[in-house]
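>>> need a structure here:
(one chain, ligands or ions: 1)
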Amino acid sequence: MIIFSCKEDKSTKEPSKKVNPIISKIQKEVSKEIVEVNDIDKNFVLGKFNYRKDTSFVKVDNIHASKTIYLKKEAYNSFIKMYDAAKTDNINLKIISGTRNFYEQKSILERKWQKYENLSPIKRAQKILEYSSMPSTSRHHWGTDMDLNNLNNSYFDRGVGAKEYQWLKENAGKYGFHQVYTSKANGRTGYNMEKWHWSYMPLAKQYLKFYNSYITYDDITGFKGAELAEEINIIKSFVNGISKDVGETR
Ligand SMILES: [Zn+2]
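Residues are numbered from 1 along each chain as shown. Prediction:
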């Protein structure tokens, strides 16, 4: 069911004499959803688009990033506010990774696929999935998620890193940012803990909702190991394997 494509939209607007009240209610709810999530389609949540040419994305200023990075405008604007607040507390935030599309994620995954060639296919995929996503299943596709300061949890355990992490835990939520890959001790599934990965939930939660409504395993294809996605339960265990604490964030 692709209710977001123009073609389908037109067909639902065909004049009809009798309106079934139940269908009418559903259509009203659907149209409300379209207003809320009007820039979402399947290719977007699957990472199959060019964020450099998408006007809802913006290039991050050099002072905030370690390299050329793009983010969704709304997420970046909120990051700037968080960055400025952190700065006044002598905390320096630096974005070290932002949006990655399907093709970029595919090259990361396939490089690792090569690296673990001695493992059985399923073990190979599981090893990669400790920290890296399969293409079309990454929150980094959405422009809402970013990696900050350092890609090692140990960096955030002491010294400057511990101060930065403490500041983020206390303040990031005020700007909409949450750590989605927290400890797995309480039963969270999916990727290992990532103290560096922060997600702008006001948008990301809409994208996840869309993903869960419209994406199936038939959509997750086109890279090495894709045939294992369903067996590993990628959608339930990984795409939805995020901290429960972020569920109601607005
Ligand atoms: Zn990340």
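
>>> Which residue is it, in the protein, that comes closest to the ion?
Evaluated by C-beta to the ion, the chain has H197 as its residue closest to the ion, separated by 3.7 Å. Where you see a C-beta, it was placed from the backbone N, CA and C, and this is true even at glycine.

>>> Is that residue bridged to anything, and to what?
D147 (DSSP bridges).

>>> quick one: low-confidence parts of this protein?
By pLDDT under 70, the low-scoring segments of the chain are 1-38, 247-250.

>>> Which parts of it are strands?
Using DSSP state E, the strands of the chain run over 57-59, 70-72, 95-97, 145-148, 177-179, 197-200.

>>> With the ion in mind, check whether stretch 93-108 reaches it.
No. Using C-beta under 5 Å from the ion, stretch 93-108 never reaches the ion; the gap is at least 5.9 Å.

>>> hang on, the earlier thing: can I get the strands of the chain in a markdown table including mean neighbour count?
Output for the strands of the chain, formatted as a markdown table (neighbours: other C-beta atoms under 10 Å):
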| stretch | mean neighbour count |
| --- | --- |
| strand 57-59 | 17 |
| strand 70-72 | 23 |
| strand 95-97 | 18 |
| strand 145-148 | 25 |
| strand 177-179 | 24 |
| strand 197-200 | 26 |
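
>>> Could you save these as TSV and add columns showing distance to N50?
As requested, these are exported to TSV (distance: least, C-beta to C-beta, whole Å):
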stretch	distance to N50
strand 57-59	9
strand 70-72	10
strand 95-97	18
strand 145-148	18
strand 177-179	25
strand 197-200	20
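
>>> one step back: would you mind confirming that the residue of the chain closest to the ion makes contact with F177?
No. Counting by C-beta atoms under 8 Å, F177 is not a contact partner of H197; they are 10.2 Å apart.

>>> Quick one: closest of the strands of the chain to V246.
strand 177-179 (4.1 Å; C-beta to C-beta).

>>> So what are the sheet partners of that closest one and their directions?
strand 197-200 (antiparallel).

>>> what sits up against the strand it pairs with?
72, 74-75, 78-79, 139, 144-148, 168, 172, 176-181, 242, 246 (C-beta atoms under 8 Å, 6 or more residues apart in numbering).

>>> could you redo the last one with a cut-off of 10 Å?
Strand 197-200 has contacts (C-beta atoms under 10 Å, 6 or more residues apart in numbering) with 71-72, 74-79, 82, 93, 95, 97, 131, 139-140, 142-148, 151, 168, 172, 175-182, 191, 205, 208, 242-243, 246, 249.

>>> Just the buried ones from the residues you listed?
Neighbour counting by 16 or more other C-beta atoms under 10 Å classes 71-72, 74-76, 78-79, 82, 93, 95, 97, 139-140, 142-148, 168, 172, 175-182, 191, 205, 208, 242-243, 246 among the contacts of strand 197-200 as buried.

>>> Pull the contacting residues for Q105.
47, 132-138, 140-141, 223 are the contacts of Q105 under C-beta under 10 Å, 6+ apart.

>>> Take the residues you listed and lay them out in JSON lines including distance to the ion.
Putting the contacts of Q105 into JSON lines (distance: C-beta to the ion, whole Å) gives the following:
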{"residue": "G47", "distance to the ion": "13"}
{"residue": "S132", "distance to the ion": "9"}
{"residue": "S133", "distance to the ion": "9"}
{"residue": "M134", "distance to the ion": "14"}
{"residue": "P135", "distance to the ion": "14"}
{"residue": "S136", "distance to the ion": "16"}
{"residue": "T137", "distance to the ion": "13"}
{"residue": "S138", "distance to the ion": "8"}
{"residue": "H140", "distance to the ion": "6"}
{"residue": "H141", "distance to the ion": "11"}
{"residue": "F223", "distance to the ion": "18"}
